[in-house]
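Undergrad: Here you go, sequence then predicted model.
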Amino acid sequence: MKWSSMRFSRQPLRSERSAAAVRRPQWARPVVQFVAAGLVALVILIVGSGWLSKRAATDEAITSARETTHLLATQVAEHAVTTDLVDGQPAAVDRYDRFARKRLVVGDVLRIKIWQANGRIVYSDEAKLIGKRFTLDEEELQVLEAGGTDAGVSDLTQPENRFERHFGRLLEVYTQVWAPDGQRLLFEAYYSYADVTRRSAEVLSAFRPITIIGLLSFVALTVPLVWVLARRLDDSAAERERLLVAAVEASEAERRRIARDLHDGVVQDLAGISFGASATAREIADRPEMARRVEALATGVRQSLRALRSLLVEIYPPELRTAGLAAALDDVVAPALAAGIAVNLEIDDTAGVPEDATALTWRVAQEAVRNAVRHGRPKSLTVRVSVHDNVLSLLVEDDGVGFDPSSPPREGHLGLRVLRDLVFEAGGTLAIESSPGLGAMVRLETAR
Amino acid sequence: MKTSKSRTAAALMALGLLAGATTPALASGGGNDVIRSGGCSGHSTWKLKAKPDNGRLEVEGEVDSNRNGQTWRWRILHNGNVSAHGVATTTAPSGSFSVARRLVNAAGTDHIGWRAVNRATGETCRGGLSI
């Protein structure tokens, strides 16, 4: 038997900088992920802060309207209210009307109404409403009785607001005023909600650039820092991987050397001894007792030779091209059979498959089967090698106890990780699927 | 409330008496306009116009004395109470003055009164209309 020099060494790195960076997709790089997450956060913050700012600005605008209304009511409107006006005397209404149209319904104020507690409109610049009676709601009565101000969007479907419909959406603000006779009245002013929106937009436009520039500056400042850190991590990971691969290669080289030495030395010697003993046994056939002992000796040597060859297969495979992948995999699953595991071995014709791909398949199968036998405690094991559309596939599946592939490997159990690296660098893919209690499946696909 | 009604009734009675005492007013106008005019206690004449306008009344009072520079105190009454008042001076070329005010169109019939007193001569113009 001749031992080939099969190697699972990685391909030369495309960049000296970082092996991890070379094979990691662009989107998976930490800097890209950070920038993407930063941009998403930026958008969320801009939208969120915009919403909050808009709300705050709207509140601010409404508060401003409330303050304006309170000042207008208490400092202007109230002083012109007379008992005659409250009584509905037409001349008093005329006078107040001229006053109101000049002093109250100005600027942003589109309409005013002055109410009595019974719902009668004492005055409105909409003359058709004067003297009419409507129902005041709880909030309005609360303000009328207790003072303060309140505001809300006008319900233009209400009959008392029917003359305001042409204004569009309105903000109504009401506050308490007093008549000279001590009667509480409700002063109500109406503003265009477009003004509120405009004021809100003004406030927002003042703060939005600060928010956006601040966040962009933060991202711009942190990206280089993250880039440096990510590069260090990449370099560190690449270094670890280089060391790992070097260790694997050194181990394989040592295996090859030991296997070659054993094969070329001890195995040949034992084979010679075995043949010699058998020949001697035949030569002394006339001395049956002696011949039996010599033959027993030859048999023992042959058994030791088989055990040694099995060990050689274990520590390094035979020449796959000559012995074939099927024969090599037979040896791989032999320990499983010996452990009482039902093994289903299905292998397509792998003729023409490159040696590297065959070797990789054998290597993955060896590790997967070894893991299954050692850790999975399965009842059955399937090893399937198929060739389809220039893809060489290996499936190793067991019904054992399974494991969590996402959990970090235990100390000293880096086999699958090393395999993944080897497969990736060979241009293949390695899928490991398992979960506790549900067995495990290792699938390799590589170009044939 | 009673006080207000009493004042209104008294003013209306006075308006009617005075209207009867002066030169008979002339009613004219087109559409919804109501116009009254008449003579004052001297040689001057007065005119009062009222026109409904979207819940209000456009009221215009005028005194024509044919003499420029006369100062008159004027008042517009609405249902007997003073809705507006002021001082005006007759100007060229007609030697007249006029004032216009918008009154709130109250429920029911509105009675508008027009008063003007010449501050120098005491000549008085009184008129009214209902709309």
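TA: Looks like it arrived, so ask away.

Undergrad: same for the strand or helix carrying A:I62, what does it pack against?
TA: In this structure, A:I62 sits in helix A:30-71 according to DSSP states H and E. Counting contacts by 3 or more CB pairs under 8 Å, 6 or more residues apart in numbering or on different chains; DSSP states H and E, helix A:30-71 is packed against strand A:149-153, strand A:170-178, strand A:184-192, helix A:193-261. All C-beta spots, glycine's among them, are computed from the backbone N, C-alpha and C.

Undergrad: mind running it again at 10 Å?
TA: strand A:109-116, strand A:149-153, strand A:170-178, strand A:184-192, helix A:193-261 (3 or more CB pairs under 10 Å, 6 or more residues apart in numbering or on different chains; DSSP states H and E).

Undergrad: how about the residue nearest to the spatial centre of chain B, secondary structure?
TA: For chain B, the residue nearest the mean C-alpha position is B:W114 (1.7 Å; CA atoms, centre = their mean). Using DSSP: H, G, I helix; E, B strand; the rest coil, the structure places B:W114 in strand.

Undergrad: returning to what we had before: distance from the helix holding A:I62 to the middle of the chain?
TA: Remark: helix A:30-71 is offset 26 Å from the chain centroid, using CA atoms, centre = their mean, to the nearest Å.

Undergrad: quick one, that helix and strand A:149-153 angle?
TA: Angle between the axes of helix A:30-71 and strand A:149-153 is 120 degrees (criterion: axes from the mean of the first three to the mean of the last three CA atoms, to 10 degrees).

Undergrad: Next secondary structure after helix A:30-71?
TA: helix A:78-80.

Undergrad: That following helix near chain B at all?
TA: No - with CB under 10 Å from any CB of the partner chain as the criterion, chain B is not reached by helix A:78-80; the gap is at least 14.5 Å.

Undergrad: What's the mean pLDDT across that helix?
TA: Mean pLDDT, helix A:78-80: 94.

Undergrad: what helices or strands is that helix leaning on?
TA: Applying 3+ CB pairs under 10 Å, 6+ apart, one finds that helix A:78-80 contacts helix A:90-103, strand A:170-178.

Undergrad: Which elements pack onto the last one?
TA: The one in question is strand A:170-178. By 3+ CB pairs under 10 Å, 6+ apart, strand A:170-178 packs against helix A:30-71, helix A:78-80, strand A:109-116, helix A:138-146, strand A:149-153, strand A:184-192, helix A:193-261.

Undergrad: re the thing from before, need the contact list for the residue nearest to the centre of chain B.
TA: Shown in contact with B:W114 (CB atoms under 10 Å, 6 or more residues apart in numbering or on different chains): B:15, B:36-38, B:46-50, B:59-63, B:74-77, B:99, B:125-129.

Undergrad: was I right about A:A127 contacting B:A106?
TA: Yes - with contacts counted by CB atoms under 10 Å, A:A127 reaches B:A106, the gap being 9.0 Å.

Undergrad: Now do the shared contacts for these two.
TA: Counting by CB under 10 Å, 6+ apart, the residues touching both A:A127 and B:A106 are A:V93, A:D94, B:L57.

Undergrad: and the second one, what does it touch?
TA: Remark: with contacts taken as CB under 10 Å, 6+ apart, A:D94 is in contact with A:85, A:127, B:56-57, B:59, B:76, B:78-79, B:81-84, B:101-106.

Undergrad: Just the strands from chain B, written as ranges.
TA: Here chain B has its strands, by DSSP state E, at B:26-28, B:34-39, B:45-53, B:56-64, B:71-78, B:81-89, B:96-104, B:111-118, B:124-130.

Undergrad: Turn these into TSV, including mean pLDDT.
TA: TSV is the format used below for the strands of chain B (pLDDT from 0 to 100):
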stretch	mean pLDDT
strand B:26-28	50
strand B:34-39	96
strand B:45-53	95
strand B:56-64	96
strand B:71-78	96
strand B:81-89	96
strand B:96-104	96
strand B:111-118	96
strand B:124-130	96
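
Undergrad: coming back round to it: let me know the closest of the shared contacts of A:A127 and B:A106 to B:A120.
TA: Closest approach to B:A120 among those (CB to CB): A:D94, at 28.8 Å.

Undergrad: ok, and the closest non-adjacent residue to B:G42?
TA: In space, and not counting its chain neighbours, B:G42 is closest to B:E123: 3.7 Å by CB to CB, 6 or more residues apart in numbering or on different chains.

Undergrad: Could you report the neighbour count for residue 43?
TA: Unless you meant another one, I'm taking chain A. Neighbourhood size, A:V43 [other CB atoms under 10 Å in any protein chain shown]: 11.

Undergrad: Hmm, no, I was thinking of chain B.
TA: Per other CB under 10 Å, the neighbour tally for B:H43 reads 12.

Undergrad: Contacts only, for it.
TA: Counting by CB under 10 Å, 6+ apart, the residues that B:H43 touches are B:D64, B:S65, B:N66, B:R67, B:T121, B:E123.

Undergrad: most surrounded residue in these?
TA: Result: B:S65 is most packed of the contacts of B:H43 (other CB under 10 Å), 24 neighbours.

Undergrad: do you know how far that residue is from B:G95?
TA: Distance of B:S65 to B:G95, given as CB to CB, to the nearest Å: 5 Å.

Undergrad: Common neighbours of those two, please.
TA: Counting by CB under 10 Å, 6+ apart, the residues touching both B:S65 and B:G95 are B:S44.
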